[in-house]
Each structure stands twice: as C-alpha cells, then as structure tokens.
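Trainee: Sequence first, then the predicted structure:
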Amino acid sequence: MFKRLVLASLLAVAAFGAQAADRYTIDPTHTQVEFTYSHFGFSNITGRFDTVESEFLFDAQDPTQSSVKVTIPMASLSTGVEKLDAHLLNADFFDAEKFPTATFTSTAVTAAGEGQLKVAGDLTIHGVTRPVVLDVTINKIGEHPMAKTPAAGFDARTVIKRSDFGVGGYAPAVSDEVTIEITVESRLAKP
C-alpha cells in the first residue's frame with residue numbers, strides 16, 4: 001500500500017511538473033545564430049544561419065525544468081560572401097547536400113547564478129553528435145509590449161571544435177575552435 005501511495009505521489013508530482021512548462025515559439029525575425037572563427041590569425045570571420053526551427057518548453061518559475069530542440073537548415077548559412085557560402089556548404093566542410101540540418105537537443109538545464117543557466121545537450125553537425133554546454137543568460141521574461149503576450153528572451157554562447165564534427169578542413173590555419181552565439185526572442189505559443 002505504501003509503495004502505491006509513493007508511486008502515485010511521484011506520478012502526480014511528475015504530471016504537475018510537466019504542466020508547469022509552457023510551449024514557446026521563437027520569433028524568427030528576432031532570433032540569430034552566429035558563428036565566429038579565426039582566418040589565418042588575421043581576421044575573425046562571422047557568419048550566421050538565417051533559419052532556425054524550434055520546439056521549446058519553458059518554465060518561468062523553474063527554468064531548470066525547461067527543454068529545447070532546435071533544427072537549423074544548413075542551406076540558410078550566410079557569411080555575406082557568396083563564394084565562401086558555397087565552399088562552406090560543399091563536401092570540404094558541411095556537405096549540406098548529404099547532411100542538410102544541424103540539431104541541438106537539450107538533455108539538462110541547471111541554474112548557474114542569477115539569470116544564468118547551463119543548458120547541456122547533444123549537438124549534431126555533419127552527421128556527428130557530441131555533447132555541448134550552452135552558457136545561457138535570461139535577458140527578460142514578461143509581457144511583450146507589442147504582442148501583449150508572455151515573452152522570453154535569451155542569449156547563449158558555446159565554443160566547439162569543428163574537427164570533433166568532421167568539419168576540420170584547413171585547421172589549424174583556419175581555427176578549429178568556433179564560437180557560437182545565439183540570441184532568441186520567443187513568445188508563448190497559441191493553444
């Protein structure tokens with residue numbers, strides 16, 4: 001009897017916790033994923049991905065109960081230089097025809113101080129999956145002044161080694177380390 005009561009209590013807590021997270025949708029016009037790498041030590045080149053697709057559960061009361069899944073179509077890559085974009089998308093680097101998307105799926109969210117989170121997850125690029133941790137800042141949670149709906153904004157940053165994902169061409173002359181910076185504006189999804 002006691003075991004059943006404990007099991008029922010645990011299931012009730014799990015169900016309550018699952019209901020606390022709300023589904024948010026990202027605002028693609030106010031969300032950016034950028035990457036920066038060193039080019040022969042002379043410059044730090046920045047590119048971006050113009051398309052981000054996301055499933056996003058956010059618990060404003062306890063952000064550690066949140067989760068995110070992001071898909072980025074590789075064809076949305078843009079450095080501002082057409083020939084460089086084509087080179088990065090070909091088989092020397094991302095091989096976007098064979099591996100058309102990059103994904104990130106969170107596995108754990110932990111508090112890291114006031115307004116700070118560590119979001120651990122699995123990043124897949126070029127068909128290779130590796131664990132990464134995003135350092136996240138909660139920018140703002142509140143009512144969006146124009147949409148008049150709940151909104152949440154975040155910045156995230158991580159550094160990866162592209163060779164870990166099989167995209168190590170021209171390293172170390174072109175840096176193996178790549179900084180990824182993300183800014184996200186999201187709104188509560190309509191039911």
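Mentor: Cool, the structure landed. Remember, predicted model here, so these are calculated numbers, not experimental data.
Trainee: Double-check residue 25 against residue 185; I have them as touching.
Mentor: No - using C-beta atoms under 8 Å as the test, residue 25 is too far from residue 185 to be in contact (10.3 Å). The C-beta positions use only the backbone N, C-alpha and C, and glycine is treated the same way.
Trainee: The two - which one has more neighbours?
Mentor: residue 185 (19 against 13; other C-beta atoms under 10 Å).
Trainee: quick one, longest strand in the protein?
Mentor: strand 128-143 (DSSP state E).
Trainee: Give me the residues contacting the helix or strand just after that strand.
Mentor: Sequence-wise, the next helix or strand downstream of strand 128-143 (DSSP states H and E) is strand 150-161. By C-beta atoms under 8 Å, 6 or more residues apart in numbering, the list of residues contacting strand 150-161 from outside reads 22, 24, 58, 60, 119, 123, 130, 132-144, 168, 176-188.
Trainee: mind listing the strands in this protein by residue range?
Mentor: Remark: strands assigned in the chain by DSSP E are 22-26, 32-39, 43-49, 53-58, 67-73, 77-78, 101-111, 116-125, 128-143, 150-161, 177-188.
Trainee: how about those, which one is nearest residue 95?
Mentor: Shortest distance between residue 95 and the strands of the chain, using C-beta to C-beta, is found for strand 116-125: 10.3 Å.
Trainee: Next, the angle from that closest one to strand 150-161.
Mentor: Counting by axes from the mean of the first three to the mean of the last three C-alpha atoms, to 10 degrees, strand 116-125 lies at 60 degrees to strand 150-161.
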